[in-house]
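Novice: missing the sequence, but the structure's below:
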């Protein structure tokens, strides 16, 4: 059969495996060249399958133009909708992916059920998917549970940890971490246990929580009904949302990173790369420090924002009061002491946690919003008016996706009754203008998920989620027409679908999601619990968001290993590999999850979850 003849060429080593053949008994063969959200769609939303024919990249020449009529079939093989696919952009090749494509609209189908798109002329189908109002609820539960698998110093034990991903408590030496500049001085020992691994590495960085805790807190604030008390974590069943229970794990660690004078240590972790598996066997000493103004102002913002949220629960009111006090101490320390910009020398691995003067100015604006909401004090309002224009959201030509997790504070500010009218108007006007600019680019992306081309860098999935979140923010805060609001809601949904398989890789950008219906998801992530040398190298815990395509990938082949140079030659949206190799292949630039990617995805997903 010609369709299968075109599949003969092998993919390069480490490429996301081809999606083809009989994967569901009783159904026709699947093809990755018919992309759909592999979890599904809500009944009321627009629904499109993308049919593609790669022209450039590792899968060039694969696939055929679709038949003149495509069908939507249910699991009994009954055709419930049929129609003609529409060529995208008059048959042009999409620059970001190197693909030519067609759109098949099946928006009219709203009946709950499980379906697939079928090409009768090729006897090929898309991955299966559901149409259901709560289709994303189990995905949200799994994505938030990924934070549980990031916890340190506690056993990941059944029934909370699923087998085979249960393990003993690890890195208990965090209870006696020492100051990195006085390693032999036992008086510097601090209990800095708890919290989450930052990413695939086990180090922990207060400044990296700027776009981690804020998105999770806003996810809850904007749709509390999406989050329940039965996520299967140790705190489940306590009458409070499990998302906030999980955030509290990280907040409790940040409390330990703050000194009595209000200052915050810049980071903590290992000073070498000689780790071991499992983590419970890693007995290397752990180190922290020094105190840093960037860490302090970032933590002030997190404490202040959390104090606002946790004060809404009677059982947490005293906790919230303590966070407020700590936020004020951090602010006062930050304002009373010289700012620091080189506290992190890199001796503690791995990411550099220094924040520039500009970074700190911008976070000062966000921290001031939350402290102003808590206290109403003029000093915080003055700081907002001084620093808000310096944020990337207001200071750049369009509302920036970068730092936008914390930057949602600007929109939060416009809801405050005592907000400055001129600043309120400026914030909402700039968001409105930015939304219109993005809508003007809507048709420029074959996969209906346009991003600025330079966004395909290390951690591109953070930006992908941010664009979706900002579209939803524009729906709420922008001065837009009803037609524009509808298009923005759809843009946000399409960006979510791009995480779920509507992308040039034909794969869900989360780990090990077959249990939720994904026919192709990421099975090799760079993570110290599921690393290249572990029994879980091809079987990580589910729900981790990977970094995404990276057109600046710098990895090189290890001696005797297959080349990774092919990744660097790909169209930007295909510059990705499903691998977890160590240096020099540097898979962390592609497949490493991070708590900030995870948080932004949860923030976006939660807007569509019931």
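Specialist: Structure received. These numbers were taken from a predicted model, which means no experiment stands behind them.
Novice: tell me the mean pLDDT over the strand or helix carrying residue 244?
Specialist: Using DSSP states H and E, residue 244 maps to helix 242-257. Mean per-residue pLDDT for helix 242-257: 98.
Novice: again, but for stretch 401-412
Specialist: The model assigns stretch 401-412 a mean pLDDT of 98.
Novice: could you tell me how far it lies from the centre of the chain?
Specialist: Stretch 401-412 sits 15 Å away from the centroid of its parent chain (C-alpha atoms, centre = their mean, to the nearest Å).
Novice: touching it from outside, list them.
Specialist: With contact meaning C-beta atoms under 8 Å, 6 or more residues apart in numbering, stretch 401-412 is reached by 210-212, 214-215, 218, 301, 305, 362-363, 365-366, 369-370, 373, 388, 391-394, 400, 427-428, 431, 455, 462-463, 466-467, 469-470, 473, 476-477, 596, 599-600, 603. From N, CA and C alone the C-beta is placed, and that goes for glycine too.
Novice: now intersect the residues you listed with the helices, please.
Specialist: 214-215, 218, 301, 305, 362-363, 365-366, 369-370, 373, 392-394, 427-428, 431, 462-463, 466-467, 469-470, 473, 476-477, 596, 599-600, 603 (DSSP state H).
Novice: emit the PyMOL select command for whichever of those are buried.
Specialist: Buried members of those, defined by 16 or more other C-beta atoms under 10 Å, are picked up in PyMOL with:
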select buried, resi 214+215+218+301+305+362+363+365+366+369+370+373+392+393+394+427+428+431+462+463+466+467+469+470+473+477+596+599+600+603
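Novice: contacting residues for the closest residue to residue 484 other than its chain neighbours?
Specialist: In space, and not counting its chain neighbours, residue 484 is closest to residue 439: 6.3 Å by C-beta to C-beta, 6 or more residues apart in numbering. The contact partners of residue 439, by C-beta under 8 Å, 6+ apart, come to 484, 487-488, 491.
Novice: mind running it again at 7 Å?
Specialist: Counting by C-beta atoms under 7 Å, 6 or more residues apart in numbering, residue 439 touches 484, 487-488.
Novice: which of those sits closest to residue 10?
Specialist: Nearest to residue 10 among these: residue 487, at 40.8 Å, using C-beta to C-beta.
Novice: neighbours of that closest one, how many?
Specialist: 19 (other C-beta atoms under 10 Å).
Novice: residues contacting it?
Specialist: Contacts for residue 487 were tallied using C-beta under 7 Å, 6+ apart; they are 439, 442.
Novice: secondary structure element for it, which one?
Specialist: Assessed by DSSP H and E, residue 487 sits inside helix 482-499.
Novice: just checking, the residue nearest to residue 484 is part of a helix?
Specialist: Yes. Under DSSP: H, G, I helix; E, B strand; the rest coil, residue 439 falls within a helix.
Novice: from residue 94, how far off is it?
Specialist: Using C-beta to C-beta, to the nearest Å, residue 439 is found at 18 Å from residue 94.
Novice: over to residue 451?
Specialist: Using C-beta to C-beta, which is the criterion applied here, residue 451 is 13 Å from residue 94.
Novice: repeat that for residue 496.
Specialist: 20 Å.
Novice: ok, the closest residue to residue 585 other than its chain neighbours - contacts?
Specialist: Using C-beta to C-beta, 6+ apart and skipping residues adjacent in sequence, the residue nearest residue 585 is residue 555, 4.6 Å away. Applying C-beta under 7 Å, 6+ apart to residue 555 gives the contacts 564, 584-587, 589.
Novice: I'd assumed residue 555 was in a helix, is it?
Specialist: No. Using three-state DSSP, the assignment for residue 555 is coil, not a helix.
Novice: I'd assumed residue 508 was in contact with residue 545.
Specialist: No. Residue 545 sits out of contact with residue 508 when judged by C-beta atoms under 7 Å, with a separation of 9.9 Å.
Novice: the spatially closest residue to residue 232 that is not a sequence neighbour: neighbouring residues, count only.
Specialist: Take residue 232 and drop its neighbours on the chain: the residue closest to it by C-beta to C-beta, 6+ apart is residue 160, 5.9 Å away. Neighbours of residue 160 under the rule other C-beta under 10 Å: 19.
Novice: domain-wise, how is the chain divided?
Specialist: According to automatic domain parsing, the chain comprises the domains 2-131, 137-419.
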